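> can't give you the sequence, but here's the structure:
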Ligand SMILES: [Cu+2]
């Protein structure tokens with residue numbers, strides 16, 4: 001009898017191993033540092049707006065969670081300048097200035113226009129497509145922000161020194177994507193194991209970046225802001 005019970009226990013044990021849920025897959029951390037190649041004599045001061053994310057190349061087991069993020073319109077600026085969120089998440093704009101603002105993006109396939117947001121008001125919408133959304137105000141040409149919508153739960157922003165860490169990444173094959181508003185985008189395939197990956201050195205080239213004037217939401221030049229009341 002004892003042998004039989006022991007046999008059953010072994011069978012159950014093997015069964016548990018065979019049908020282990022994906023959540024017990026080995027996990028590792030992926031870390032490194034982003035740097036920007038600058039023109040001679042130029043210093044990098046905006047590394048904390050570098051976005052780092054991992055897109056799984058194997059079938060995903062978990063449903064992508066969505067979130068809500070807020071961008072404030074304050075002192076004629078958007079804050080924060082870069083927001084990262086998962087596909088289907090909601091972005092909300094909140095006007096904290098005592099005058100009107102607007103928020104629009106002309107991204108192909110994901111354009112939006114929040115209309116006029118007066119003092120204290122807010123508007124929100126879901127962004128259903130992954131991509132980079134440059135956001136501008138149709139009233140103040142200098143206001144600019146970026147919303148990065150990613151099809152993965154594994155994302156982060158770099159620190160001011162460019163260092164980043166993506167923790168608890170399930171073992172598997174991924175495409176690592178690094179994006180920076182002046183350095184562009186870089187993609188790299190990698191395989192994460194339970195041991196993780198550390199010391200990734202990512203260099204983006206910002207030397208060719210030129211700050212170009214953007215058009216308003218009608219595709220026209222901005223009118224001078226000197227005649228504004230505020
Ligand atoms: Cu504005």
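Okay, I see it. On a predicted model such as this, the values are computed, not experimentally measured, just so you know. Numbering: from 1, shown residues only.

> near the ion, which residues of this structure?
Residues of the chain lying near the ion by Cβ under 5 Å from the ion: 101, 137, 139-140, 143. Yep, even glycine has a C-beta here, placed from its N, CA and C like the rest.

> among those residues, which pair sits farthest apart?
Taking Cβ to Cβ as the measure, the residues of the chain next to the ion span a maximum distance of 8.2 Å, between 139 and 143.

> closest to the centroid, which residue in the chain?
Taking Cα atoms, centre = their mean, the centroid of the chain lies closest to residue 84, which sits 2.8 Å from it.

> let me know the pLDDT of it.
If you check residue 84, the pLDDT there is 98.

> ok, it - contacts?
Shown in contact with residue 84 (Cβ atoms under 8 Å, 6 or more residues apart in numbering): 51, 53, 147-148, 150, 155-157.

> can I get the residues of the chain next to the ion in CSV with neighbour count?
Below are those laid out as CSV (neighbours: other Cβ atoms under 10 Å):
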residue, neighbour count
101, 25
137, 26
139, 18
140, 21
143, 18
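
> got those as a markdown table, with pLDDT columns?
Putting the residues of the chain next to the ion into a markdown table (pLDDT from 0 to 100) gives the following:
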| residue | pLDDT |
| --- | --- |
| 101 | 94 |
| 137 | 95 |
| 139 | 94 |
| 140 | 95 |
| 143 | 95 |
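
> now do the domain split for this structure, please.
Domain segmentation of the chain under automatic domain parsing yields 19-62+153-209, 65-151.

> how about the ones you listed in CSV, adding distance to residue 216?
Shown next, in CSV, are the domains of the chain (distance: least, Cβ to Cβ, whole Å):
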stretch, distance to residue 216
domain 19-62+153-209, 20
domain 65-151, 5
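
> still on that earlier bit, point me to the helix or strand that includes the residue nearest to the centre of the chain.
Per DSSP states H and E, residue 84 falls inside strand 82-86.

> run me through the strand neighbours of that strand, direction for each.
Sheet pairing here is set by DSSP bridges, and for strand 82-86 it gives strand 144-150 (parallel).

> where along the protein do the helices fall?
For the chain, helices defined by DSSP state H occupy the ranges 2-18.

> so how far is the longest strand along it off the chain centroid?
As assigned by DSSP state E, the longest strand anywhere in the chain is strand 27-37. Offset of strand 27-37 from its chain centre (Cα atoms, centre = their mean, to the nearest Å): 15 Å.

> go on, stretch 124-138?
Using Cα atoms, centre = their mean, the offset of stretch 124-138 from its chain centre is 12 Å.

> just stretch 37-45 next, same as before
Relative to its parent chain, stretch 37-45 has a centroid offset of 24 Å by Cα atoms, centre = their mean.

> show me which residues of it are buried.
38, 44 (16 or more other Cβ atoms under 10 Å).

> contacts for that stretch?
With Cβ under 8 Å, 6+ apart as the test, stretch 37-45 has contacts from 35-36, 162, 183, 203-207.

> could you tell me which of the residues of the chain next to the ion belong to strands?
Reading strands off the residues of the chain next to the ion with DSSP E, I get residue 101.
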